[in-house]
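>>> When you get a sec, could you give me coordinates for this:
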Amino acid sequence: MKDEWKRCKDEPAFCPVSYKRDGRMYWSLFLLSGFMAIGFNFAFESELLLMLYAFPIVFLAMLQITIPQFAVTGILLLSTIVLLNPVSVVLLSVTAAFALLILIVKRVVWVSQQHFNEKTNQEDMLMSTMFSLAKTIDARDHYTAYHSNNVAEYARSIAKEMRLPSREVDSIYLAGLIHDIGKIGTPDLILHKESRLSDEEYDIMKQHSEAGYQIVKDMKRLKDLGVADMVRFHHERPDGKGYPSGLKGEEIPLGARIIGVADAFDAMTTNRSYRQKLSADTAAEELAKYSGSQFDPAAAKAFLSVLVREGKLTAESNRRTAAQVAIAN
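Numbers count the residues shown, from 1 in each chain. Next up, the predicted model:
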């Protein structure tokens, strides 16, 4: 889980200290502008050319180097001003101004880095809290123990089979882990009921997807990655008969469609208080049978391929499901 979250966090959000993305660019710009400033001041005698030093000074402040390295590099850069030009009051004033500028920019960058790190740490803490909540939900009912982890693993296998980008695969995995987080507010009497739910109880149960979205929607990273929408819409159906919004077909985010298939398969192959689990063959046939109506055809087909490759379906079941998927598509 930590690996997926780490990869998803390494996104292109602006920060002056996004060194993993911009470090080489800052070094290149610093060296290029530094050599240009020194070269022009060496070749020509003009106080106006001193302004060229502003560029390497700014880029130096952006570099991720230690304070001693920063001090030495800054002194060496500024010393070339005095070495290449006749000493005068104006020259010394300009050098002092540049020294002040580099300190100001470095301070701004440092503050920005502190805020960025603090924001990242807060997101890490929030993610840890949410994953703990997801585990708590599974622990509330021994019939659904490990459900979130199973759904996340199934969803990741489907996404990989569909050859989605690794970043999207990780986002779908994260969404699978917390897809039922909204059930934290579902009453125990409904969650643990040993018979089928009444219409009223089912309506309450259906509120968990919207409740889960309300829990995670304010975490910008999860919203940007589409995880929040996957949590909200994982019970939507291609035929528009799902909830909470009755979306149809491709109106439903792809990640939510994938999680819907994974969620249904794990639910069918897990013992529940009101019924015994189905075999993998039977559950696969259900996926194939309702492909295109309850389940996304592409996601269902990909999952069946995974199950076949992993040897979880018999040859006869494989033939039946393959034929049903072909008809549905």
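>>> Could you list the low-pLDDT ranges of the stretch 201-329 of the chain?
The stretch 201-329 of the chain contains residues with pLDDT under 70 at 273-274, 314-329.
>>> List the buried residues of the one helix or strand Phe55 maps to.
When elements are assigned from DSSP states H and E, Phe55 belongs to helix 54-62. Neighbour-count burial for helix 54-62 flags Ala54, Phe55, Pro56, Ile57, Val58, Phe59, Leu60, Ala61, Met62 (criterion: 16 or more other Cβ atoms under 10 Å). C-betas here are computed from N, CA, C, even on glycine.
>>> Also stretch 275-282?
Buried residues in stretch 275-282, defined by neighbour count with 16+ other Cβ under 10 Å: Leu278, Ala280, Asp281.
>>> Can I get these in CSV including distance to His179 and secondary structure?
As requested, the buried residues of stretch 275-282 are arranged in CSV below (distance: Cβ to Cβ, whole Å; DSSP: H, G, I helix; E, B strand; the rest coil):
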residue, distance to His179, secondary structure
Leu278, 21, coil
Ala280, 21, helix
Asp281, 25, helix
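>>> out of those, who's nearest Met127?
Within the buried residues of stretch 275-282, proximity to Met127 (Cβ to Cβ) peaks at Ala280, which comes in at 31.8 Å.
>>> picking that back up, kindly indicate which of the buried residues of stretch 275-282 lies nearest Ile75.
Taking Cβ to Cβ as the measure, Ile75 lies nearest Ala280 of the buried residues of stretch 275-282, at 69.7 Å.
>>> Name the nearest residue to Trp27, ignoring sequence neighbours.
In space, not counting the residues next to it along the chain, Trp27 is nearest to Leu63; the distance is 6.6 Å by Cβ to Cβ, 6 or more residues apart in numbering.
>>> I'd like the distance from the one you found to Met25, if you could.
The spacing between Leu63 and Met25, counted by Cβ to Cβ, to the nearest Å, is 11 Å.
>>> Could you do Ala134 as well?
Here the distance between Ala134 and Met25 works out to 39 Å (Cβ to Cβ).
>>> higher neighbour count, the two?
In terms of neighbours (other Cβ atoms under 10 Å), Ala134 is the more surrounded of Ala134 and Met25; the figures are 23 against 12.
>>> I'd say the more buried one and Tyr146 touch.
No: using Cβ atoms under 8 Å as the test, Ala134 is too far from Tyr146 to be in contact (11.0 Å).
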